[in-house]
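Trainee: Need coordinates for the following:
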Amino acid sequence: MLLTALAPNQPAYIDRVDWAAMSDSDGKRLRELGLCEGASIELLHRAGLLGWLLSRLGIRRRGAHACRVGRMIVAMRATHAAAIEVRTGADDEAGAA
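Mentor: Okay, the predicted model is just below:
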C-alpha cells in the first residue's frame, strides 16, 4: 500500500521508494533523513484541517504528511508520500499464514 493510504499512527515498514517520482535534491534530502527501504515509518498526521477533511472524504493525495521515520519526525509533500510503498505487520502475518 502507499504511504498516503496508511492509517495514522499505524506502524509500517518502507518496501519501496520511487525515487524517479521526485527531484534529485528532494530524494537526497529524504535519504539523508533516513528514508530508505526497510526503515520503520508511521504516518502521524496530514496537514491541517483541510488534510483531515480530505482524508475523511477519501482524498489522500493533498497536503503535507508528518511521519515518524525511525526516531525522527519528517514532514514531506503528499506527492513524495505517494511515491512510498509500505507494509504493515498485519500484512506480513497474513502472508505467512
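Trainee: which residues sit against stretch 73-82?
Mentor: Here stretch 73-82 makes contact (CB atoms under 8 Å, 6 or more residues apart in numbering) with 2-4, 21-22, 26, 30, 33-35, 43-44, 46, 60-68. To be clear about C-beta, it is placed using only N, CA and C from the backbone, and glycine gets the same treatment.
Trainee: quick one: that stretch to chain centroid distance?
Mentor: Between the mean C-alpha location of stretch 73-82 and the chain-wide mean there is a distance of 6 Å, by CA atoms, centre = their mean, to the nearest Å.
Trainee: do the same with stretch 20-33
Mentor: The chain centroid and the centroid of stretch 20-33 are separated by 14 Å under CA atoms, centre = their mean.
Trainee: swap in stretch 33-50?
Mentor: So, by CA atoms, centre = their mean, the centroid of stretch 33-50 is 4 Å from its chain's centroid.
Trainee: What mean pLDDT does it get?
Mentor: For stretch 33-50, the mean pLDDT works out to 84.
Trainee: these two touch, right, residue 70 and residue 34?
Mentor: Yes: the criterion here is CB atoms under 8 Å, and residue 70 meets it with residue 34 at 5.0 Å.
Trainee: Right, I'll call it a day here.
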